[in-house]
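Novice: need a 3D model of the sequence below.
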Amino acid sequence: MRGYLIRRLINTIIVLLGVVTLTFFLMHFTEGDPATIIALDKYGGQLISPKVIEQLASEEGLNRPIYVQFFNWLKLIGKCNFGNSLISGVPVWDEIMLRFPYTLELAIISVLISSLFGVSVGIYSAYYQDGWLDRITRLLASVKVSIPNFYLAIICVLIFSVKLKILPSFGCDGPRHFILPVLVLVISQIGFTIRIVRSTVPEILESEYVQYAYIRGLSTNRILFVHVLKNALIPVITYISLQFLMTVEGAIIVETIFAWPGIGKLFQEAILGRDFTMIQALVLFFAVLVCVLNFVVDILYLAIDRRINFL
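Specialist: Numbers count the residues shown, from 1 in each chain. Presented below is the predicted three-dimensional model:
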């Protein structure tokens, strides 16, 4: 176990270094001069002389050789200092920490709801194969796959905000503002959860320990949600972790449509404003999130199934 943790730590460091390097150089080779962007934002689009741009570049260290900028950025990262936003001048880390809780709320609520309903419906669909519930869920899951989240969000706004006028279409001022963003995320996730559980459970139902549970006279619900559920969770946990990451990273669309002030909206603003510092920090933030979540999933595997051996 200790050897596995050390290997995972080394792999994580290598991955993060690769992400940092690739992101930094990609951002610096894209079209657009960071010093010009800062000057335009600072002086409100007025006519700016090259001397002013050069002075700003010197102040921000943007006129130094690119490898010097790269190593300086690595030093800042080592101190948990990601610099200031090129657009707003606010410390990048402060802005991320201000926005991330909004996205985290959406992600946790939507993943919990879709997982609880998806696992329950998936188990019953597998147990009552080709029944009415199984047929309906398969049909709805197939339909949802063909509908992008962008259109799904617009449809929800048109129905619940424009037509019925029962839910707000933007903002985050109260619990009612959670409903539409969470609804879109749950609908986009629950079909895949059902399909994964539905494909896993039939084999478990044929196993010897489940058959023995039937012989002992245990109730169907106890068999399904104690014996079957525990073994069905292994592939589900992998998907739930992926689901969480997809929710966080895919929040750009949902947060943009519903004007939700989360990290997805921040990413969109950084891309449109060519805020290289913010984009680099956000990419690194997502990379760390992926690595940490994958590590937690491996630990959960070991906790659920002691037979797993990390070589």
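
Novice: low-confidence stretches in this structure?
Specialist: Counting by pLDDT under 70, the low-confidence segments of the chain come to 1-2, 4-5, 27, 30-49, 57, 59-62, 145, 249-250, 300-311.

Novice: remind me, longest helix of it?
Specialist: In the chain, assigned by DSSP state H, the helix with the most residues is helix 92-127.

Novice: what packs against it?
Specialist: With contacts taken as 3 or more Cβ pairs under 8 Å, 6 or more residues apart in numbering; DSSP states H and E, helix 92-127 sits against helix 132-145, helix 176-205, helix 229-249, helix 251-257, helix 263-272, helix 276-304. Every residue, glycine included, has its C-beta placed from N, CA and C.

Novice: list the buried residues in it.
Specialist: For helix 92-127, burial by neighbour count (16 or more other Cβ atoms under 10 Å) applies to 92, 95-96, 99-100, 102-107, 109-111, 113-115, 118-127.

Novice: would you map out the domains in this protein?
Specialist: Structural domains assigned to the chain are 2-91, 93-304, following automatic domain parsing.

Novice: please identify the most buried of these.
Specialist: domain 93-304 (a mean of 17; mean count of other Cβ atoms under 10 Å).

Novice: check contacts around residue 92.
Specialist: By Cβ atoms under 8 Å, 6 or more residues apart in numbering, the residues touching residue 92 are 82-85, 277-278, 281.

Novice: relative to residue 289, how far out is it?
Specialist: Here residue 92 is placed at a distance of 16 Å from residue 289 (Cβ to Cβ, to the nearest Å).

Novice: do the same with residue 282
Specialist: Taken as Cβ to Cβ, the span from residue 282 to residue 289 is 10 Å.

Novice: likewise residue 193?
Specialist: Residue 193 sits 21 Å away from residue 289, going by Cβ to Cβ.

Novice: cool, and residue 187?
Specialist: Per Cβ to Cβ, residue 187 is found 24 Å from residue 289.

Novice: what do you get for residue 202?
Specialist: In terms of Cβ to Cβ, residue 202 sits 34 Å off from residue 289.

Novice: cool, and residue 26?
Specialist: For residue 26, the distance to residue 289 - Cβ to Cβ - is 19 Å.

Novice: ok, now residue 262?
Specialist: 14 Å.

Novice: for residue 223, which non-adjacent residue is closest in space?
Specialist: residue 213 (4.9 Å; Cβ to Cβ, 6 or more residues apart in numbering).

Novice: element containing the one you found, please.
Specialist: helix 208-215 (DSSP states H and E).

Novice: which elements pack onto that helix?
Specialist: Using 3+ Cβ pairs under 8 Å, 6+ apart: helix 208-215 touches no other helix or strand.

Novice: residue 6 should be in a helix, yeah?
Specialist: Yes - Residue 6: assigned to a helix according to DSSP: H, G, I helix; E, B strand; the rest coil.

Novice: quick one: contacts for it?
Specialist: By Cβ under 8 Å, 6+ apart, the contact list for residue 6 is empty.

Novice: so how far is residue 127 from it?
Specialist: Distance from residue 6 to residue 127, by Cβ to Cβ: 42 Å.

Novice: thinking again about what came up before, surely the residue nearest to residue 223 touches residue 227?
Specialist: Yes - with contacts counted by Cβ atoms under 8 Å, residue 213 reaches residue 227, the gap being 5.4 Å.

Novice: mutual contacts of these two, please.
Specialist: Joint contacts of residue 213 and residue 227 (Cβ under 8 Å, 6+ apart) do not exist.
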